[in-house]
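Undergrad: Give me the fold of what follows.
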Amino acid sequence: MAKVGLIAGIGNLPVEFMRAAQREGYEVVVISVVTDGAPQLQVEADAYYQISVFKSDTVIKTFLKEGVTDVTMLGKVTKEHLYKKITTIPDMRTIKILNRLRNRKDDTIMLAIVAELEKEGLQVADQTKYMRSLMPPVGVMTHRKPTETEALDIEFGFTLAKQMGGLDIGQTVVVKEQAAMAIEAIEGTDACIQRGGSLAREGAVVVKTAKPNQDVRFDVPAVGMKTLESMIGSHCKVLAMEAKRTIFIEQEAVLKKANELGIVICAVEGPDEE
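TA: All right, here's what the predicted structure looks like:
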């Protein structure tokens, strides 16, 4: 049976990928590079390892030992790891990777990791390979549709998110009345939503898009129950994701909860794509 490797960060997205790959007949070798990854990974993976994100040499050698040739990276590993006090001593391979970085933008870091993996014969695969059925087409998925004001905020937010993505800053923005409440940066999507929703007080619109030149090997946008929970906690009322380019996990549970609370969830395209 063919094997696929999964470098897993935080959230349920790695679980969705693992299960989808297993349904396709693959064995999945999971390496969790965070301490708070989804517990289902350890239970359901064909092989499971917990290895620090700063031990890249061990990660690579573990995959090679397991006979893995294709690797996917899913789940959030925030850049805060690069700025807060490091409690794990990086191995020499990781130190060399970090020293080669010309900056610490998301794509710069990820491309350096991809290059290191591929140098050792590990092909980094399309993150969406087994998950395209979870990438919704254009349309409103909830009972409630956006109001006219919310529709204008979605359009404004989509353009803004694309601009921020083009600068490799983030993929999520929070807007209200066509004013930017928050733009995702190092803090990640959920903290961005909480901050923007709190500043807007209530009724904010959350928009998440792919970057204009999105590399499908890493950082493909994704939303799920955690996204909705962050919106509920900060009184946001609309979630608009880019159609066919955003992975929407836990759909049934998310839509059920959104309908109960009158929250809009929709998939949209930019004006030039319609």
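Undergrad: Do a quick rundown of the helices in the chain.
TA: 13-23, 39-44, 56-66, 92-100, 106-119, 148-166, 189-200, 225-233, 251-261 (DSSP state H).
Undergrad: so which of those helices comes closest to Val268?
TA: Across these, Val268 has its closest neighbour in helix 148-166 (6.0 Å, C-beta to C-beta). For the C-beta atoms, the positions are set from N, CA and C on the backbone; glycine is no exception.
Undergrad: what angle do that closest one and helix 106-119 make?
TA: 50 degrees (axes from the mean of the first three to the mean of the last three C-alpha atoms, to 10 degrees).
Undergrad: Tabulate the helices of the chain (TSV), appending mean pLDDT and mean neighbour count.
TA: Formatted as TSV, those follow (pLDDT from 0 to 100; neighbours: other C-beta atoms under 10 Å):
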stretch	mean pLDDT	mean neighbour count
helix 13-23	94	21
helix 39-44	96	14
helix 56-66	96	18
helix 92-100	87	14
helix 106-119	81	16
helix 148-166	97	19
helix 189-200	96	21
helix 225-233	97	19
helix 251-261	98	14
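Undergrad: For Met141, which of those is the nearest?
TA: Across the helices of the chain, Met141 has its closest neighbour in helix 251-261 (5.8 Å, C-beta to C-beta).
Undergrad: the inter-axis angle of that closest one versus helix 225-233?
TA: 10 degrees.
Undergrad: Dump helix 251-261 to PDB, restricted to CA.
TA: Output in PDB follows, covering the C-alpha atoms of helix 251-261 (Å, rounded to 0.1, in the frame of the first residue of the first chain):
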ATOM      1  CA  GLN A 251     -19.600  21.700   7.000                       C
ATOM      2  CA  GLU A 252     -22.700  20.000   8.400                       C
ATOM      3  CA  ALA A 253     -22.100  21.100  12.000                       C
ATOM      4  CA  VAL A 254     -20.900  24.600  11.100                       C
ATOM      5  CA  LEU A 255     -24.000  25.300   8.900                       C
ATOM      6  CA  LYS A 256     -26.400  23.900  11.500                       C
ATOM      7  CA  LYS A 257     -24.900  26.200  14.100                       C
ATOM      8  CA  ALA A 258     -24.800  29.200  11.800                       C
ATOM      9  CA  ASN A 259     -28.500  28.700  10.800                       C
ATOM     10  CA  GLU A 260     -29.400  28.600  14.500                       C
ATOM     11  CA  LEU A 261     -27.800  32.000  15.100                       C
END
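Undergrad: Kindly reformat the helices of the chain as TSV and extend each row with distance to Val173.
TA: Compiled in TSV, the helices of the chain are given as follows (distance: least, C-beta to C-beta, whole Å):
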stretch	distance to Val173
helix 13-23	21
helix 39-44	30
helix 56-66	32
helix 92-100	29
helix 106-119	16
helix 148-166	5
helix 189-200	8
helix 225-233	13
helix 251-261	19
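Undergrad: Mind checking those helices for the one nearest to Pro136?
TA: Closest to Pro136 of the helices of the chain, according to C-beta to C-beta: helix 251-261, at 8.0 Å.
Undergrad: list the helices and strands that closest one packs on?
TA: If you count contacts as 3 or more C-beta pairs under 8 Å, 6 or more residues apart in numbering; DSSP states H and E, helix 251-261 packs onto helix 225-233, strand 264-268.
Undergrad: Arrange these in CSV, one row each, with distance to Gln163 as further columns.
TA: Putting those into CSV (distance: least, C-beta to C-beta, whole Å) gives the following:
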stretch, distance to Gln163
helix 225-233, 21
strand 264-268, 16
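Undergrad: Pretty sure Gln214 sits against Val220.
TA: Yes: taking C-beta atoms under 8 Å as the definition, Gln214 is a contact partner of Val220 at 6.7 Å.
Undergrad: what residues are shared contacts of these two?
TA: Arg245 (C-beta atoms under 8 Å, 6 or more residues apart in numbering).
Undergrad: Which one of these two is surrounded by more residues?
TA: For Gln214 versus Val220, neighbours defined as other C-beta atoms under 10 Å are more numerous around Val220 (21 against 18).
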